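# Test case, fold it:
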Amino acid sequence: MMSSALFERVLKGRGTKFRDIVLDQQGSEFFANVNEVTYVNNSHTPEDGPESSRQPPLHSTFNVGSASESSDQSGDPLSKDSSQHMSILDSKLEQFVARKADILFRQHTSPKENVQKEEEKQKLHVSEAEKSDYFAILPPLEQFMKIPSKYRKKHLFGVLQAGDIVIGKVKSVKDFGMFLQLLCVCGEYSRYIEDCDVIALLPAADIGDRFSQKVQLDDFRADDIVRGMVSKVDPKEEKVIISLKNGTDVRDDKILGLLSDDELPVHYRRSLIQEESDETYNDLLIDTLGFDNPSSVELLTKELKLIENDPPTSMRALQRTNFKDSDFSHKLRKKQSELWAMESVAKGVNFFKNGQYTEALQCFNRALEIDVDNVEAFVARGALYANRGNLSKALQDFGEALRSYLSLLGNN
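Residues are numbered from 1 along each chain as shown. This next block holds a predicted model:
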């Protein structure tokens, strides 16, 4: 919902010129809830130059100090140039505000209301395996930037802390424990670190509790894959100690112990693919099944705890509530069906012209199977029936064509 009072206040100070710009950018529907305002200093006409306008600068409308005013008072010989510069800036600001008006003037909810709405939402937990189909999971951007492993290793020890979940490969097993080469970090700081050559110690005393999948040191062999929790980090010495004791968290992606290859995290497996194929970020993104999921925006909004009716961004593409209805999957599928149906109708018309009536009828029927409201298919099939002397079916198809056409007009 738009904050009409704020927009009316800005409109009153800016005049009809600004109103026309907003109307051009947002359309007449944007003004549905806006009251008539009395414009102030509305003497600017299209024929007048920038200096003839007595409208206050747009930044002063929003209570921001005007640089042009201070320039004029100082007696600076360059004040005229400064004034022209501010006029150009003011015009650009008008265009920006008009383009983003539906976002900038939306009605914000109070933090208390946001908290209440957030508490009402059911907490959503999605397993690592499910996420691969729900939305696109990709390697971190640093991998595509080809940042050397020594810098990534230094950064890793700057952010790695006790409680983080890591996955490593067993290098050797000793009486006091075992050494693992860390492959990746899981959780919020998901990273591929196999090439950073980080060796972690898993002491024998930290192997085994009721949540571990394996409880004996003898159960582990070289090259086994283990998921553990960081218990201690020494950034200066670049040493990591991990444990298989993770308290009471028994979710599938937090159970510690031995892992199979199929249980490796999605981001790690795709990091290996990217490293071998050297695919670009865009290519790997398009190849990801979750990227095509029409519900990914809703899921990610919940995962990131964003409020849909008060998104923290002015980027329209990142706001679910500002997506056009034609951008959603059901509309896209309908559009695609219409195109396929029209291809079949076109083939049927060619058969009809060549006297191949059976093939033409099959094409028209196929078009209506794909798009049950296809007007052209009904008309073409009706014409075919009429040409063959079946007037009752022809009238029925013409009637369906009229119904579909009127329904289409009503929806638009």
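# what does the average pLDDT come to for stretch 159-176?
Stretch 159-176 carries an average pLDDT of 91.
# Extract the C-alpha trace of it and format it as PDB.
These are the backbone C-alpha positions of stretch 159-176, laid out as PDB (Å, rounded to 0.1, in the frame of the first residue of the first chain):
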ATOM      1  CA  VAL A 159      36.100 -16.400  10.000                       C
ATOM      2  CA  LEU A 160      36.100 -20.000  11.100                       C
ATOM      3  CA  GLN A 161      35.000 -20.500  14.700                       C
ATOM      4  CA  ALA A 162      33.900 -23.100  17.200                       C
ATOM      5  CA  GLY A 163      30.500 -24.600  16.400                       C
ATOM      6  CA  ASP A 164      31.000 -24.500  12.600                       C
ATOM      7  CA  ILE A 165      30.200 -27.700  10.700                       C
ATOM      8  CA  VAL A 166      33.000 -29.000   8.400                       C
ATOM      9  CA  ILE A 167      33.600 -32.000   6.200                       C
ATOM     10  CA  GLY A 168      36.900 -33.600   5.800                       C
ATOM     11  CA  LYS A 169      38.700 -36.700   4.400                       C
ATOM     12  CA  VAL A 170      40.600 -39.000   6.700                       C
ATOM     13  CA  LYS A 171      44.400 -38.800   5.900                       C
ATOM     14  CA  SER A 172      45.700 -41.000   8.700                       C
ATOM     15  CA  VAL A 173      44.400 -42.700  11.900                       C
ATOM     16  CA  LYS A 174      46.600 -42.800  15.100                       C
ATOM     17  CA  ASP A 175      46.100 -44.100  18.600                       C
ATOM     18  CA  PHE A 176      45.300 -40.500  19.900                       C
END
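# got a list of contacts for that stretch?
Stretch 159-176 has contacts (CB atoms under 8 Å, 6 or more residues apart in numbering) with 178-187, 189, 199-200, 203-204, 217, 220-233, 240, 242, 253-254, 259, 264-265, 268. Using the backbone N, CA and C atoms, a C-beta is placed for each residue, glycine as well.
# next one: stretch 352-371
334, 337-338, 340-342, 344-345, 347-349, 351, 374, 376-378, 380-381, 383-384, 387-388.
# that older thread, from the contacts of stretch 159-176, which ones fall inside helices?
Counted as lying in helices by DSSP state H, out of the contacts of stretch 159-176, are residue 268.
# Narrow the contacts of stretch 159-176 to just the buried residues.
By neighbour count, with 16 or more other CB atoms under 10 Å, the contacts of stretch 159-176 hold 178, 180-186, 200, 203, 217, 220, 224-231, 233, 240, 242, 253-254, 259, 264-265, 268 as buried.
# could you measure the nearest residue in space to residue 231 that is not next to it in sequence against residue 293, distance?
Nearest residue to residue 231, sequence neighbours excluded (CB to CB, 6 or more residues apart in numbering): residue 243, at 4.3 Å. Residue 243 is 36 Å from residue 293, where distance means CB to CB, to the nearest Å.
# ditto for residue 167
Plainly put, residue 167 is 26 Å away from residue 293 if you go by CB to CB.
# out of these two, which sits in the busier spot?
Just comparing residue 167 and residue 293: by other CB atoms under 10 Å the higher neighbour count belongs to residue 167, 22 against 16.
# Next, give phi and psi for the more buried one.
When read as degrees, to the nearest 10, the backbone of residue 167 gives phi -130, psi 130.
# the bottom helix or strand of this protein by mean pLDDT?
Least confident helix or strand, the chain: helix 67-73 with a mean of 44, by mean pLDDT, DSSP states H and E.
# next structured bit after it?
Downstream of helix 67-73, the first helix or strand assigned by DSSP states H and E is helix 79-99.
# Export that following helix to PDB, keeping only CA atoms.
Only the C-alpha atoms of helix 79-99 are listed here, as PDB (Å, rounded to 0.1, in the frame of the first residue of the first chain):
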ATOM      1  CA  SER A  79      27.800  30.000  -9.100                       C
ATOM      2  CA  LYS A  80      26.000  30.100 -12.500                       C
ATOM      3  CA  ASP A  81      27.800  26.900 -13.600                       C
ATOM      4  CA  SER A  82      27.000  25.400 -10.200                       C
ATOM      5  CA  SER A  83      23.300  26.300 -10.600                       C
ATOM      6  CA  GLN A  84      23.200  24.700 -14.000                       C
ATOM      7  CA  HIS A  85      24.800  21.600 -12.500                       C
ATOM      8  CA  MET A  86      22.300  21.400  -9.700                       C
ATOM      9  CA  SER A  87      19.500  21.800 -12.200                       C
ATOM     10  CA  ILE A  88      20.700  18.800 -14.200                       C
ATOM     11  CA  LEU A  89      21.100  16.900 -10.900                       C
ATOM     12  CA  ASP A  90      17.600  17.900  -9.900                       C
ATOM     13  CA  SER A  91      16.100  16.600 -13.200                       C
ATOM     14  CA  LYS A  92      17.900  13.300 -12.800                       C
ATOM     15  CA  LEU A  93      16.600  12.900  -9.300                       C
ATOM     16  CA  GLU A  94      13.100  13.600 -10.500                       C
ATOM     17  CA  GLN A  95      13.400  10.800 -13.100                       C
ATOM     18  CA  PHE A  96      14.800   8.400 -10.500                       C
ATOM     19  CA  VAL A  97      12.100   9.200  -7.900                       C
ATOM     20  CA  ALA A  98       9.400   8.900 -10.500                       C
ATOM     21  CA  ARG A  99      10.800   5.500 -11.700                       C
END
